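**Student:** the following block contains a protein sequence and its predicted model.
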Amino acid sequence: MLGIGTIVLGVADVRRAVAFWSEALGYVPRDEVEDDWAVLVPPDRSGPGIALGLSETPPQRHPRVHLDLYAADAADQAAEVERLVALGAERVDWDLYPEDPDFVVLADTEGNRFCVIDTSHP
């Protein structure tokens, strides 16, 4: 049976992306960070890693694949969104929000879109 080992994100600045995602998730570099490649893993290596590879391809406005980060409730979601914005993420003016969304769309320092989900939302 296969499992997800690493999620790969294209980035324009690997070191800037490492700084953001390390702080955002509490992940650590698996090996030495290079200018064109880095892999971040949970400190206890218990879950999938995030690989950051140098890319000249611009981020997609409506990406087909993205990360969902889970928050316990609306207050946790709001606090995490503010923390991530303070780390360099940007709020995305998302044109596909439903009427009562359980998610907030952000972009990392490289423009990659991801969502912060309120998992208590009905």
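**Tutor:** Noted; the coordinates are in hand. Numbering: from 1, shown residues only.
**Student:** just the element for Ile117, please.
**Tutor:** If you go by DSSP states H and E, Ile117 is part of strand 113-118.
**Student:** which strands or helices does the lengthiest helix in the chain pack on?
**Tutor:** When the chain is parsed with DSSP state H, its longest helix is helix 74-87. Judged by 3 or more C-beta pairs under 8 Å, 6 or more residues apart in numbering; DSSP states H and E, helix 74-87 is in contact with helix 14-25, strand 67-71, strand 103-107, strand 113-118. All C-beta atoms are positioned from the backbone trio N, CA, C, and that covers glycine.
**Student:** how does it look with 7 Å?
**Tutor:** Here helix 74-87 is seen to pack against helix 14-25, strand 103-107, strand 113-118 when contacts are counted using 3 or more C-beta pairs under 7 Å, 6 or more residues apart in numbering; DSSP states H and E.
**Student:** which one of these lies nearest to Asp35?
**Tutor:** Smallest distance to Asp35 across these (C-beta to C-beta): 6.0 Å, for helix 14-25.
**Student:** report the angle between that closest one and strand 103-107.
**Tutor:** Counting by axes from the mean of the first three to the mean of the last three C-alpha atoms, to 10 degrees, helix 14-25 lies at 160 degrees to strand 103-107.
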